[in-house]
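*Asks:* take a look and give me a structure for this.
(one chain, ligands or ions: 1)
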Amino acid sequence: MNFSLLFSHVLLKGKSVLLIFLPFTFGLPALRRTLLWRSIMGLSGLLSGHRNSVQGSDFHNYTSWLKQYPSGLESFESIMKELPRKKIVVFLDYDGTLSPIVDDPDRAFMSPEMREAVREVAKGFPTAIISGRSREKVKEFVKLRNLHYAGSHGLDIMSPNSDNEANGVSYQPAKKFLPKIQQIKRVLEEETRKIEGALVEDNTFCVSVHFRHVHERELAELEKKVETVMEKYPDFHVTQGKKVMEIRPTINWNKGHAMEYYLHSLGHNDTDDVVPLYIGDDQTDEDAFKVIQRKGHGIAILVASIPKHTNASYSLKDPSEVLAFLLRLARWRNSTAPSITTPSPNI
Ligand SMILES: O=P(O)(O)OC[C@H]1O[C@H](O[C@H]2O[C@H](CO)[C@@H](O)[C@H](O)[C@H]2O)[C@H](O)[C@@H](O)[C@@H]1O
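*Replies:* Residues are numbered from 1 along each chain as shown. Next up is the predicted model:
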């Protein structure tokens, strides 16, 4: 049994033991430490049977967490009251925000109701989807023309002025890494082939290694393999999302930069009249939340049903609450003066 698993087994016996062992995990490499802690938290959630719903003692944690990150739905009126005559630009993450997290990444479909709600929102506000997926894939899921799309965690941006790939200019700050990314993808596919359940997803400017279906006893091996491959690519780094390792080139560009790029392209950057509203559920969305926090204006909403640290100010429990929020936003837009927003040029 390796080090990580030994810890997982010991830690599951009780939270006090967990505290005793906490300092030892700092000796582990960053990725391994993150994976370990997340698997421990996941396993303890599994054991207590509250992984996907808010019940029991988690309910109390969630309720007190909500005091710090109030529900975007409950706070809707007060949020909007703060924004008279402001131009709102809407940014939406895809997986876990517009579509529920499902077992098969290829089947993370958006409901027709959610599509309608996004369509309505985009009629009233410039709206962009910023996803970790490839831009083509997320467009294929969303199937709406009146939006802007950024894929690969913001590394592949569709110009707001054109949705015509042939004529339109996209911003792709990691373009020079493409050959290496393709190589990394091939090597990872080869290296992880024998680990049952491991799945390598090509997201154009980044690669995802999914481990949702990998048996717990093989997790450490998978992680080791990814680590070993990535040692040969020092200009790339690995972060962790929901049961997925996300590999990206190490450049100073993330979802926060993509949001700023859009604000700038739409002529809305650096003006207090414009308010970005960003909804996302994952670690990479935190980069956009941080920009909003730094700017001191904007609305950052985390989608989470389990308390976690975030740079967002508000929360929504799951995509069904995101749907309710978007419907409300569209209704609110229709009930206010038509001149307060600048519609997207693609509408
Ligand atoms: O930025 P996002 O749009 O949230 O993309 C982040 C990752 O989302 C996808 O994986 C996640 O959703 C899958 C479908 O629900 C789920 O099976 C997986 O476990 C989740 O991690 C996508 O497949 C990844 O490539 C993205 O990096």
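
*Asks:* from here on, contacts and neighbour counts on C-alpha atoms
*Replies:* Will do.

*Asks:* in what helix or strand does the residue in the stretch 151-300 of the chain positioned nearest to the ligand lie?
*Replies:* Across the stretch 151-300 of the chain, the shortest distance to the ligand (Cα to the nearest ligand atom) belongs to Lys242, at 4.0 Å. Using DSSP states H and E, Lys242 sits within no helix or strand.

*Asks:* again, but for the one 5 residues further on
*Replies:* Assigned by DSSP H and E, Ile247 belongs to strand 244-249.

*Asks:* re earlier: grab the nearest non-local neighbour of the residue of the stretch 151-300 of the chain closest to the ligand.
*Replies:* Counting by Cα to Cα, 6 or more residues apart in numbering, the nearest residue to Lys242 once its immediate chain neighbours are dropped is Asp282, at 7.5 Å.

*Asks:* could you pull up the contacting residues of the one you found?
*Replies:* By Cα atoms under 8 Å, 6 or more residues apart in numbering, Asp282 lies in contact with 96, 241-242.

*Asks:* could you dump those to JSON lines with neighbour count?
*Replies:* Below are the contacts of Asp282 laid out as JSON lines (neighbours: other Cα atoms under 10 Å):
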{"residue": "Gly96", "neighbour count": "19"}
{"residue": "Gly241", "neighbour count": "17"}
{"residue": "Lys242", "neighbour count": "16"}
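
*Asks:* return the member of these nearest to Val229.
*Replies:* Nearest to Val229 among these, counting by Cα to Cα, is Gly241 at 19.0 Å.

*Asks:* hmm, back to that, ok, and what's touching the following helix or strand past the strand holding Ile247?
*Replies:* As assigned by DSSP H and E, the chain's next helix or strand after strand 244-249 is helix 255-265. Outside helix 255-265, the residues that touch it by Cα under 8 Å, 6+ apart are 89, 91, 130, 150, 153-155, 157, 160, 269-270, 276, 284-285, 287-291.

*Asks:* just the ones of the residues you listed in helices?
*Replies:* 287-291 (DSSP state H).

*Asks:* which parts of stretch 115-130 are buried?
*Replies:* 115, 117-130 (16 or more other Cα atoms under 10 Å).

*Asks:* kindly report the residues of the stretch 1-150 of the chain close to the ligand.
*Replies:* With the criterion set to Cα under 6 Å from any ligand atom, the stretch 1-150 of the chain comes near the ligand through 93-96, 100-105, 108, 131-133.

*Asks:* can I get these in TSV with secondary structure?
*Replies:* Formatted as TSV, these follow (DSSP: H, G, I helix; E, B strand; the rest coil):
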residue	secondary structure
Asp93	coil
Tyr94	coil
Asp95	strand
Gly96	coil
Pro100	coil
Ile101	coil
Val102	coil
Asp103	coil
Asp104	coil
Pro105	helix
Ala108	coil
Ser131	coil
Gly132	coil
Arg133	coil
